[in-house]
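K.L.:
could you look at this predicted model? Sequence included:
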2 protein chains.
Amino acid sequence: MPKANIKDIAQKAGVSKTAVSFAFNNPSRLSENTVKHILEVADEMGYSPDPVARSMSTGKTGTIGLLLPQPIPEIVRNPFFPEFVEGIGEVCTHSGLSLLLVPPLKGSIRRAIVNAAVDGFLTLGLEEYKATMMVLRQRDVPFVTVDSDPIEGVPAVNVDDTGGAQKAMEHLLQMGHRQITILAIRSGKRGQYNEYVGTLGARIQGYIKALEPFGLSIDSRKIRLVECESTEKGGVECFQKIWNTRYRPTAVIAMSDIIAIGVMKAAQAEGVVVPRDLSIVGFDDIPLSGLLKPALTTISQPSLEKGDLAAKTLVRLLDGLIEPIHHCLPTRLIKRETVSEPLEEK
Amino acid sequence: MPKANIKDIAQKAGVSKTAVSFAFNNPSRLSENTVKHILEVADEMGYSPDPVARSMSTGKTGTIGLLLPQPIPEIVRNPFFPEFVEGIGEVCTHSGLSLLLVPPLKGSIRRAIVNAAVDGFLTLGLEEYKATMMVLRQRDVPFVTVDSDPIEGVPAVNVDDTGGAQKAMEHLLQMGHRQITILAIRSGKRGQYNEYVGTLGARIQGYIKALEPFGLSIDSRKIRLVECESTEKGGVECFQKIWNTRYRPTAVIAMSDIIAIGVMKAAQAEGVVVPRDLSIVGFDDIPLSGLLKPALTTISQPSLEKGDLAAKTLVRLLDGLIEPIHHCLPTRLIKRETVSEPLEEK
DNA sequence: TTGTACGCGTTATCAA
DNA sequence: TTGATAACGCGTACAA
């Protein structure tokens, strides 16, 4: 037998569909006895309102979507993802919402967007943000972007990537480093850093800003930019590339901690002493970074607050409130043990 | 203006609703020209089918739910959660599914179940599994349980918790330990270990099995059981409790790595040398455990495979296939550096 | 308390 | 072969 629906209950209980609906959602409009009777019948027949049909009528799903730029497995491997979701989760708890992880569908973010039954979206670090935002607009559902270049009129939550990157680079420069390799997260732009967008672009800007007063630029001979997959393995591979070269750097500045960690491990495996022979600074301050020996000097960003603020903003949007548009959370330099003065000036 | 619906497109394009629907879902039933025309009009008006209405008709949502026993923030703080979700995510990628995180709604798992618009559920470590499964059955949606006591006729994925716990305890016993404190994850059962269910219960069984041949039991004087919040802080607090007691143990066996890590840190802070003064063994083998100094001896469980297998099983269920019911994945002892022989036999 | 219209798209059936 | 008509799924809002 197919599952019971509202009509079945109404019949069995000898009342109307409306009465059954009220018994569940607005009991005060019915007499106590009727409610009790209806709920008994419903329970007996194992009935509860179909969530999809309900959403159809109410126009609400009780769900917010987290739009991901990559498949779920790749995303959850990001060490800062749990904290970010924790922040979102706090808002979900308070507001009684579920969280839908929305990866690209058959490779298409667009398809994913139009298919997701959600009341609103959070987007995370979208690359093709312009096209994607068009689709989101069409979909006519509130959304707030996280880690994307802010767009006029679209609520956004970002961290001060530029400032963080600048602080990291300044720290290296102030310690006396001049031969520095930047390890950028691989982007498909093949090192054309002026084409970087979003988080990458913002960080590059920060590096440039810091270099300027020292009369340096990314195009100087002493500064190099290498693209690197944002994994430990990527870092390991990059170390090989940069160490056996004529312009061996005295310091490496990575766009993510996980890259920095890969570099450090590879260096140590080769007998290179960090920071004496090579200074390293990362970005993100993932939980692991503080536990390493030596502990990683890095830029911390408030992932949890980022998730929390983004979700709060979305919830307010859902409630029809107009929101101050662009939020920017601070980053800060965490000086630990992987940066020292360079061994010798060249 | 409200968003366009299928009727608007049909009118504008001078065709029927049916044609519009076919243009999206079954283009081969229409002439190429018609399809092209309809899609143009749709694009122009920013139309795409409403996912909720679509689910209503098709009876599918394209979403599977992960039913959580606790609010999202608490769950994602679990160090093994990312790996578990990674496993699920792989299946999602292949099958074009989204993943809905379904925490209790206003404190009620039942409410969460009946409200979630999903094609099927994965449940994770449910405590009140009996009541919950009744609700799931009523909801008439396929589901597979993970980390719950297997129930007749319900597909389940588990790991060999009992075997793992047994191996951990045997290792300690074989090394010569006889004064052992078991740090159980707090359960609300206040130490009544015979009432433990699910993962906890299974692990306790393993400890008991290992103790028996040595003529020991949890009720022996030398063996103690202490309940502990499964956080690093919980471990720290427990160390205080167990160290300043008459029956100071020579070894601690924790039901989670994170507890073990807390104990280890607290011990080291007090100048207690691990493993010389105190041996420690954990459970889970979270990524951090291998990186500590000393590295934690523990039981590894295949979290990723667990998620993968559970999701695969659910997908087959969704496809109407009948499944072999109970899966049990192996656990294994990872001998590292936190277990040695006890200093002195008492 | 109830009857009825409604929301939106899909699909079986039917007509050209 | 191409397209239209109409029924359907399920619960909610509103007038009666």
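P.N.:
Cool, the structure landed.
K.L.:
check A:I88 and give its pLDDT.
P.N.:
At A:I88, the predicted lDDT confidence score is 98.
K.L.:
which of the helices or strands spans it?
P.N.:
With elements taken from DSSP states H and E, the one containing A:I88 is helix A:81-95.
K.L.:
could you check that helix and say which residues are buried?
P.N.:
The neighbour-count check on helix A:81-95 (16 or more other C-beta atoms under 10 Å in any protein chain shown) flags A:81-93 as buried. Bear in mind the C-beta positions are built from the backbone N, C-alpha and C, glycine included.
K.L.:
also stretch A:330-346?
P.N.:
If you call a residue buried by 16+ other C-beta under 10 Å, then stretch A:330-346 has these buried ones: A:331, A:333-334, A:336, A:338-340, A:342.
K.L.:
hang on, the earlier thing: how far out from the middle of the chain is the helix holding A:I88?
P.N.:
Mean-position distance between helix A:81-95 and its chain equals 12 Å (C-alpha atoms, centre = their mean, to the nearest Å).
K.L.:
over to stretch A:203-216?
P.N.:
For stretch A:203-216, the separation from the chain centroid amounts to 26 Å (computed by C-alpha atoms, centre = their mean).
K.L.:
now stretch A:182-193
P.N.:
Averaged C-alpha coordinates place stretch A:182-193 at 19 Å from its chain's average position (C-alpha atoms, centre = their mean).
K.L.:
likewise stretch A:250-257?
P.N.:
For stretch A:250-257, the distance to the chain centre is 21 Å (C-alpha atoms, centre = their mean).
K.L.:
and the end-to-end length of it?
P.N.:
For stretch A:250-257, the separation between the terminal residues is 18 Å (C-alpha to C-alpha, to the nearest Å).
K.L.:
show me what counts as buried in the helix or strand harbouring A:V263.
P.N.:
A:V263 belongs to helix A:257-269 when elements are defined using DSSP H and E. Of the residues in helix A:257-269, those buried by neighbour count under the rule 16+ other C-beta under 10 Å are A:257-267.
K.L.:
ok, now which ones touch A:P49?
P.N.:
With contact taken as C-beta atoms under 8 Å, 6 or more residues apart in numbering or on different chains, A:P49 is in contact with A:6, A:21, A:24, B:114.
K.L.:
still on that earlier bit, which of the buried residues of helix A:81-95 sits closest to DNA strand D?
P.N.:
A:C92 (21.2 Å; C-beta to the nearest atom of the strand).
K.L.:
is A:R178 part of a helix or strand, or is it coil?
P.N.:
Classification of A:R178 by DSSP: H, G, I helix; E, B strand; the rest coil places it in coil.
K.L.:
quick check: it touching A:L216?
P.N.:
Yes - counting by C-beta atoms under 8 Å, a contact exists between A:R178 and A:L216, whose distance comes to 7.3 Å.
K.L.:
what touches both of these two?
P.N.:
A:K222.
K.L.:
show me what from the stretch 101-250 of chain A comes close to chain B.
P.N.:
Remark: the part of the stretch 101-250 of chain A in contact with chain B comprises A:101-103, A:105-106, A:112, A:114-117, A:137-140, using C-beta under 8 Å from any C-beta of the partner chain.
K.L.:
got the contact list for stretch A:164-178?
P.N.:
In contact with stretch A:164-178 (C-beta under 8 Å, 6+ apart) are residues A:180, A:202-207, A:209-211, A:214, A:216, A:222, A:249-251, A:253, A:255, A:279, A:281, A:283, A:297-299, A:301, A:331-333, A:335, A:339-342, A:345-346.
K.L.:
what's next to stretch A:17-25, contact-wise?
P.N.:
With C-beta under 8 Å, 6+ apart as the test, stretch A:17-25 has contacts from A:6-7, A:9-10, A:13, A:29-30, A:34-35, A:38-39, A:42, A:49.
K.L.:
pick out the most distant pair among those residues.
P.N.:
A:K7 and A:R29 (19.6 Å; C-beta to C-beta).
K.L.:
how many other residues sit next to the closest residue to DNA strand D within the stretch 101-250 of chain A?
P.N.:
Each residue of the stretch 101-250 of chain A has a distance to DNA strand D, by C-beta to the nearest atom of the strand, and the smallest belongs to A:A117, at 13.2 Å. Here the neighbour count serves as a burial measure; for A:A117 (other C-beta atoms under 10 Å in any protein chain shown) it reads 25.
K.L.:
neighbours of the nearest residue to it once chain neighbours are set aside, how many?
P.N.:
Once its chain neighbours are removed from consideration, A:A117 has its nearest residue in B:P51; the separation is 4.3 Å (C-beta to C-beta, 6 or more residues apart in numbering or on different chains). A count of nearby residues for B:P51, using other C-beta under 10 Å, gives 22.
K.L.:
since that was my last question, I'll sign off now.
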